[in-house]
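# Please work out how this folds:
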Amino acid sequence: MRSFGREIPQVILLHLDQLNADRLDGILSLFEKRGYVFVSLDQALQDPAYATADDYASPDGLMWLERWQIALGKQIHAAEPPPPKWAQDAYRRITGHEP
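Down below sits the predicted model:
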């Protein structure tokens, strides 16, 4: 990880919905195949990275990895690609708003 020069335990946010219920086993299997190990929130939060000051304030919902970059005075490297067109179109159709 760019911020600390090592891997940091992370938390995955899953919403309680039918899609996740139907696909959770497959999703967790994909993580395991990539070498991820599951730990409790308490275990993850024991990592000193989570004690890093967080002074970020903005309407943008940055993830912790990006917030840490800012706190450590490092450049943010956006790792997330934009959503595919079909997802953006569906969002517009459902909400009437731009993504």
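# Longest helix in this protein, please.
Looking across the chain with DSSP state H, the single longest helix is helix 18-33.
# contacting residues around that helix?
Identification of contacts with helix 18-33 by CB atoms under 8 Å, 6 or more residues apart in numbering yields 14, 38. Where C-beta positions appear, they are placed from N, C-alpha and C, glycine not excepted.
# Show me where this protein has its helices.
Using DSSP H, helices in the chain cover 18-33, 41-45, 64-71, 85-95.
# Could you dump those helices into a markdown table with distance to residue 5, mean pLDDT and mean neighbour count added?
Shown next, in a markdown table, are the helices of the chain (distance: least, CB to CB, whole Å; pLDDT from 0 to 100; neighbours: other CB atoms under 10 Å):
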| stretch | distance to residue 5 | mean pLDDT | mean neighbour count |
| --- | --- | --- | --- |
| helix 18-33 | 23 | 92 | 10 |
| helix 41-45 | 18 | 92 | 11 |
| helix 64-71 | 12 | 83 | 18 |
| helix 85-95 | 34 | 89 | 11 |
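# and residue 4, which of the ones you listed is closest to it?
Minimum separation from residue 4 across those (CB to CB) falls at helix 64-71, 7.5 Å.
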